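Engineer: Here is a sequence with its predicted model. Questions after.
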Amino acid sequence: MQRPSTNRNLNPSEAADAASLAVHTQDLAKRYGKTVALSGLTMSVRRAEVFGFLGPNGAGKTTAVKLLVGLALPTAGEGWVLGAPIGDLQTRRRLGYLPELFRYQGWMKAREVLGLHCELSGLPRAEWRTEIDSALNTVGLADRADDKVEGFSKGMQQRLGLGVALLGRPELVLLDEPTSALDPVGRHDVREIIRHLKARGTAVFLNSHLLSEVEQICDRLAVVDHGRVIANGTMSQILGQDGAVRVRVTGLELAGRVALGHFGNLEDEGEWLTFRGLSTDRVPDLVAEIVHQGGRVYAVEPRHETLEDRFLQLLKEQDQ
Amino acid sequence: MPLLTIARLTILEASRRKLLLALGVLTVVVILLTSWGFSRLPTMNNVTPAEVRLASSQLTILVAFMFSGVLALGSTLVAAPSIASDIESGIALAILPRPIRRSEVLMGKWLGLAALVILYAVASGLLELLGIWLATGYTPPNPVAALAFVAAEGIILMTLALLLSTRLAPMTGGVIALVLFFVAWIGGIALAIGQAFANDTIINIGVGSRLLIPTDALWHGAIFYLEPSEILAAARAAGRARAGNPFFADQPLPLTYLAWVVAWLAGLLALANWSFARRDL
């Protein structure tokens, strides 16, 4: 695959920035005919961080990863991976990649698949055995190493794919929906592997629509929709500092409810009222106001916004 | 070297998937049966050694046609899915992000498939000729050149299927390659008829088909080296009566045409590499 023609030579300060990042893209775009798969993606992934890339189906997540690993050519924009323009052949030695929908040669044994990837990665032959055994142990396939891949379940293939992505101690690992075929134990294992990668200084680019997974392990994340980043930052930046409060109340007339509007974004569910964007120190004032309006308070529950809430809200805002 | 790794992988896959075993067993069975058939020729009533030689030479050409057909169809069936199936199944998604050029993947597959074609052509051809020699004492005038042309025909068709495989589904690419193979065969017959009756239009159609798809021309190149001189002389004397016979060649392929075949092959490989390099996965 050739380098995208849009990549230019960086000036010294840009080059230093790009080299210090695991991934950096600037207005990266991809069209398939008339279909826009990715529309001006600008983002950065730092070294040794776990970066979550979230979005609904069809948002352009997989397209973005394919551009980063050179499987597709961008139609516009620029991108650098580990300091080199995307598609750079030598840089791929330092990458690990787990595709979303993939298969290995069914007629090969798991150990042979790993050996093939050691060979294609240009790893010194003396290191193959150690690398292969280490990968097999890490993903829990040591006892199936000499079985043919065609007999593997989807989950086992996924584990093998993860093992392949870990070969050669890559500096950046891109995982496209790594837990999609795994059971809860497998998902837990993947999270542990990702934490281990981070601990040894490997950057992880995690493509996922499993929000709880991202919430648990990612340092920073970007939310994409319609091929564009609609939010990015740390988890607390994305979720916002202010939480929400749920109050169970009776005896409150409509006028009273309207009067509570200035405490925050009110969701009225009958007896349960949810106030979004309300700081904790204003909760006593809220309760006093409800009582003042004639309401009887039975429960006050602080509610932390989950990533799912925020994610859905972001997509809703985007649609509007 | 990644190219050799992929070539080795291609051959290993053919072996592990039992393609080589199946072909090997069937070929040995065919060779045993045909050799037995050849061994009956000298035992027929009142047959002279010259007649045995005549019959053996013609039957050898027919058997060679069968093997060249097996090779052409077989190499198409193996090459047509080689890239396309890897893309469809997701194997390519796992391999191509490695530090390996797409041209190395494609050329590695080509090299592996070409090695298989040559291996089959040489092994089956030599075994069959050995069987015929043991049965009748007949050997064609230049078996090595004939086998080289049969192998070249397989490689040409395999390369065409490989090019189609970079863009089309395995089934589609395979069908197109086979249709073109048979169209070229008919084109070769048209050329012979055109030449016999000196019809320029038909000659041009035949020449055009030979330039576009060289498989039939290479088959005729192989036939020429399987024809004993007395058969060649008799057939030439028959003139128009031999026109359109797809199992006869009255002259070897000119060097300029062989140069064209080499250029055709190089051009197709360049096109395949260009096509694969630009394919979004």
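Structural biologist: Great, that's in hand.
Engineer: residues in chain B within reach of chain A, list them.
Structural biologist: Counting by C-beta under 8 Å from any C-beta of the partner chain, the residues of chain B close to chain A are B:2, B:5, B:9, B:13, B:16-17, B:89-91, B:93-102, B:277-278, B:280-281. Every residue, glycine included, has its C-beta placed from N, CA and C.
Engineer: PyMOL command for the buried members of these?
Structural biologist: To isolate the buried members of these in PyMOL, using 16 or more other C-beta atoms under 10 Å in any protein chain shown:
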select buried, chain B and resi 2+5+9+13+16+89+90+91+93+94+95+96+97+98+99+100+101+102+281
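Engineer: Find the residue at the geometric middle of chain A.
Structural biologist: For chain A, A:Gly52 is the residue whose C-alpha lies nearest the centre (C-alpha atoms, centre = their mean; 2.3 Å).
Engineer: That residue reaches A:Ser212, doesn't it?
Structural biologist: No: the criterion here is C-beta atoms under 8 Å, and A:Gly52 misses it with A:Ser212 at 11.2 Å.
Engineer: And residue 118, which helix or strand is it part of?
Structural biologist: Using chain A. helix A:110-121 (DSSP states H and E).
Engineer: that's the other chain; I wanted chain B
Structural biologist: Residue-wise, B:Ile118 maps onto helix B:102-136 under DSSP H and E.
Engineer: Run the chain-centre distance for that helix.
Structural biologist: 10 Å (C-alpha atoms, centre = their mean, to the nearest Å).
Engineer: C-terminal to that helix, what's the next element?
Structural biologist: helix B:143-165.
Engineer: Buried residues of the very next helix or strand once past that next one, list them for me.
Structural biologist: Scanning forward in sequence from helix B:143-165 by DSSP H and E, the next helix or strand is helix B:170-196. Residues B:170, B:173-174, B:176-178, B:180-181, B:184-185, B:187-196 are the ones in helix B:170-196 that count as buried (16+ other C-beta under 10 Å).
Engineer: Mind giving me the packing neighbours of helix B:170-196?
Structural biologist: Applying 3 or more C-beta pairs under 8 Å, 6 or more residues apart in numbering or on different chains; DSSP states H and E, one finds that helix B:170-196 contacts helix B:49-79, helix B:84-89, helix B:143-165, helix B:200-212, helix B:215-224.
Engineer: quick one, which of those helices is nearest to B:Leu32?
Structural biologist: Among these, the nearest to B:Leu32 by C-beta to C-beta is helix B:49-79 (12.6 Å).
Engineer: Can you check what angle separates that closest one from helix B:215-224?
Structural biologist: Helix B:49-79 runs at 150 degrees relative to helix B:215-224, counting by axes from the mean of the first three to the mean of the last three C-alpha atoms, to 10 degrees.
Engineer: Angles on the backbone of the residue of chain B positioned farthest from its centre, please.
Structural biologist: Distance from the C-alpha centroid of chain B peaks at B:Asn46, with 37.3 Å (C-alpha atoms, centre = their mean). With angles defined as degrees, to the nearest 10, B:Asn46 shows backbone torsions of phi 50, psi 30.
Engineer: before we move on, what about A:Ala181?
Structural biologist: Backbone geometry at A:Ala181, expressed as degrees, to the nearest 10, gives phi -110, psi 10.
Engineer: burial count for it?
Structural biologist: The local packing of A:Ala181 (other C-beta atoms under 10 Å in any protein chain shown) involves 15 other residues.
Engineer: For A:Arg159, which residues are in contact?
Structural biologist: When contacts are counted by C-beta atoms under 8 Å, 6 or more residues apart in numbering or on different chains, A:Arg159 touches A:139-141, A:182, A:186, A:189.
Engineer: please redo it, this time with the cut-off set to 6 Å
Structural biologist: By C-beta atoms under 6 Å, 6 or more residues apart in numbering or on different chains, the contact set of A:Arg159 is A:139, A:141.
Engineer: now the angle from the strand or helix carrying it to helix A:110-121?
Structural biologist: Under the criterion of DSSP H and E, A:Arg159 resides in helix A:154-166. Interaxial angle, helix A:154-166 versus helix A:110-121 (the same axes, to 10 degrees): 30 degrees.
Engineer: Name the residues of helix A:154-166 that come out as buried.
Structural biologist: A:155-166.
Engineer: swap in stretch A:44-60?
Structural biologist: Here stretch A:44-60 shows A:44-45, A:48-55, A:59-60 as buried, counting by 16+ other C-beta under 10 Å.
Engineer: ok, these vs chain B, which is closest?
Structural biologist: Of all the buried residues of stretch A:44-60, A:Gly60 has the smallest distance to chain B: 13.6 Å, by C-beta to the nearest C-beta.
Engineer: Next one, pLDDT for that closest one please.
Structural biologist: A:Gly60 is assigned 88 on the pLDDT scale.
Engineer: What of A:His304?
Structural biologist: The model reports A:His304 with a pLDDT of 66.
Engineer: can you check A:Asp189 too?
Structural biologist: pLDDT for A:Asp189: 87.
Engineer: Helices of the stretch 51-200 of chain A, start to end?
Structural biologist: Ranges of helices within the stretch 51-200 of chain A are A:61-69, A:110-121, A:125-138, A:154-166, A:184-199, based on DSSP state H, counting those that start in this stretch.
Engineer: Point out the most buried one among these.
Structural biologist: Stretch with highest mean neighbour count among these: helix A:61-69 (a mean of 26; mean count of other C-beta atoms under 10 Å in any protein chain shown).
Engineer: for that one, packing partners?
Structural biologist: Judged by 3 or more C-beta pairs under 6 Å, 6 or more residues apart in numbering or on different chains; DSSP states H and E, the packing partners of helix A:61-69 are strand A:35-46, strand A:172-176.
Engineer: can you do 8 Å?
Structural biologist: Judged by 3+ C-beta pairs under 8 Å, 6+ apart, helix A:61-69 is in contact with strand A:21-32, strand A:35-46, strand A:50-54, strand A:76-81, strand A:95-98, strand A:172-176, strand A:203-208.
Engineer: How about the contacts made by whichever residue of the stretch 151-300 of chain A sits closest to chain B?
Structural biologist: Per C-beta to the nearest C-beta, A:Val164 is where the stretch 151-300 of chain A lies closest to chain B, at 6.7 Å. For A:Val164, the contacting residues are A:96, A:98, A:104, A:113-114, A:117, A:135, B:94, by C-beta under 8 Å, 6+ apart.
Engineer: Great, nothing more from me.
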